[in-house]
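# sequence-free structure coming up:
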C-alpha cells in the first residue's frame, strides 16, 4: 500500500509542473485565460437563455426584494376506511395564520403564526420554501398538526351515522413533509411567478402545459382506544367494536409517495395589472405504506402495480400588481389516495392565502 501511495505521489509531482506550465503558456499578456473566458461567456449565455422571456407577454421584475404580509387559512382531512364498509373522516378546524414573507428574486421565505390556537396546547407547525423561475419551480413544505381534530363523518356497513358529526377527538396526530418540482414548457410567454410569487407581471393572457415530480412522507397516529370510547359514548358499544385494532387499521401509519404529474395552467389578464390563474394537474403516484403490520424493509418483491393511484393538485389565484405594490389571493389543494385490500386512506390538504405587499431596491 505504501509503495502505491509513493508511486501516485511521484506521478502527481511530475505532472503538476506540466499542468502549471501549460496554463501559463495559454494566458495572454493581460493575464486572462482564454479558456476561462470562453467558459464564462457560455455560462452567461445559458443563464440569459434560461431566463429569456417575451416582453410582449411578460413584464420582468424591476426590484430585487419583496416584503409582504400573508394570511393563510389551512384545511386538512384524513379519511380512513376498511373492507367492511367502516370509515371515519377526521379534520381539524380551519386555522387562521398571519405572518411576514420576504423574497429575493426567485426565493420566497416566510413564517406564519397560528392565531387560532394562541395560548393553547393545540399548536400546529407549518414551514414552506418556494423557489420560482421562468422554466422551473419547486415547493418545499412541512406540516405538523396537533390534537385539535374532530370526527366529521362516520360510516358503518356503508351507512352514515349522523349522531357523531363534529365530535372533538384529540387522539390523532399527523405530519406531512415533501417537495414538488415542476417544469413549465411555454416559459417565454407564460409566467407562473406572476400568479404565485408576484415577481413578474403577465401582460397578455397565455397558458402552458407543465410536468412535475414530487415526494411526500405522511405520518398518522390514531389512538384507537380513545376512538372506541368516543364511538361507544356517542353511538353505542356495538359500533365501538368495529374499531378494534384487529378489524380496523394499525394505530400508526406512515407512507411515502413518489408522483409524476402533468397538467395545464392558464393566466387570464382580464384588466390592466389584473391576473387570474387556474391550474389543474393529475399525478400518477406510487405509495408504500408502513405500519405496525407492514414490513420494515422494502424490496422489489414488495413492488405492486396496485400501489399506483391517481392524485390531484389544483391551484387558483387572483392578483393585482402594478410592479411596485401588489395584493391578491390564492388557493392550492393536494389530494392523495392509497388503497389496499385491508384498508384505504385519503388525505386532502390545502390552504387559501390572502396577501398584500410591496417591492423595493430597484434594479439598475
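Yep, that arrived. Keep in mind that this is a model prediction, so the values were computed, not measured.

# tell me where the model's unsure across the stretch 151-300 of the chain.
Scanning the stretch 151-300 of the chain for pLDDT under 70 picks out 244-250, 289-300.

# do a quick rundown of the helices in it.
Applying DSSP state H, counting those that start in this stretch to the stretch 151-300 of the chain gives helices spanning 193-196, 224-234, 237-240.

# buried ones in the last one?
Along helix 237-240, the positions that meet the burial threshold by neighbour count (16 or more other C-beta atoms under 10 Å) are 239, 240. Where C-beta positions appear, they are placed from N, C-alpha and C, glycine not excepted.

# let's have the helices of the stretch 151-300 of the chain in a markdown table, adding distance to residue 66.
Converted to a markdown table, the helices of the stretch 151-300 of the chain look like this (distance: least, C-beta to C-beta, whole Å):
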| stretch | distance to residue 66 |
| --- | --- |
| helix 193-196 | 11 |
| helix 224-234 | 45 |
| helix 237-240 | 53 |
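
# nearest to residue 173, out of the ones you listed?
Smallest distance to residue 173 across the helices of the stretch 151-300 of the chain (C-beta to C-beta): 11.9 Å, for helix 224-234.

# returning to what we had before: ranking the helices of the stretch 151-300 of the chain by burial, who's on top?
A comparison of those by mean neighbour count, using mean count of other C-beta atoms under 10 Å, puts helix 193-196 on top with a mean of 25.

# counting by contacts, list what it packs against.
Under the contact definition 3 or more C-beta pairs under 8 Å, 6 or more residues apart in numbering; DSSP states H and E, helix 193-196 sits against strand 125-132, strand 201-202, strand 252-271, strand 274-291, strand 308-321.

# residue 190 is nearest to which of the ones you listed?
With C-beta to C-beta as the criterion, residue 190 lies closest to strand 252-271 of these, at 6.2 Å.

# if we can go back for a sec, hey, which of the helices and strands packed on helix 193-196 is tucked in deepest?
Most buried of the helices and strands packed on helix 193-196, by mean neighbour count (mean count of other C-beta under 10 Å): strand 201-202, with a mean of 24.

# helices and strands around it, which ones?
Counting contacts by 3+ C-beta pairs under 8 Å, 6+ apart, strand 201-202 packs against strand 58-59, helix 193-196.

# ok, and for stretch 202-216, which residues are buried?
202, 203, 206, 207, 208, 210, 212, 214, 216.

# returning to that earlier point: reformat the helices and strands packed on strand 201-202 as a markdown table; add distance to residue 102.
Output for the helices and strands packed on strand 201-202, formatted as a markdown table (distance: least, C-beta to C-beta, whole Å):
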| stretch | distance to residue 102 |
| --- | --- |
| strand 58-59 | 22 |
| helix 193-196 | 16 |
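
# residue 328 versus the nearest residue to residue 71 once chain neighbours are set aside, what's the distance?
Sequence neighbours aside, residue 354 is the residue nearest to residue 71 in space, at 4.5 Å (criterion: C-beta to C-beta, 6 or more residues apart in numbering). Remark: distance between residue 354 and residue 328 (C-beta to C-beta, to the nearest Å) = 8 Å.

# repeat that for residue 222.
In this view, residue 222 and residue 328 are 38 Å apart by C-beta to C-beta.

# which one's more surrounded, those two?
Shown here are residue 222 and residue 328; by other C-beta atoms under 10 Å, residue 222 has more neighbours (25 against 22).

# the nearest residue to residue 216 once chain neighbours are set aside: neighbour count?
Of all residues not flanking residue 216 in the chain, residue 178 sits nearest, at 3.3 Å (C-beta to C-beta, 6+ apart). The tally of other residues near residue 178 (other C-beta under 10 Å) stands at 19.

# and for the one 4 residues further on?
Here the number of neighbours of residue 182 (other C-beta under 10 Å) works out to 22.

# on that earlier part again, ok, which of the helices and strands packed on helix 193-196 comes nearest residue 143?
Nearest to residue 143 among these is strand 125-132; the distance by C-beta to C-beta comes to 5.3 Å.

# what about residue 197, how many neighbours?
Neighbours around residue 197, by other C-beta under 10 Å: 24.
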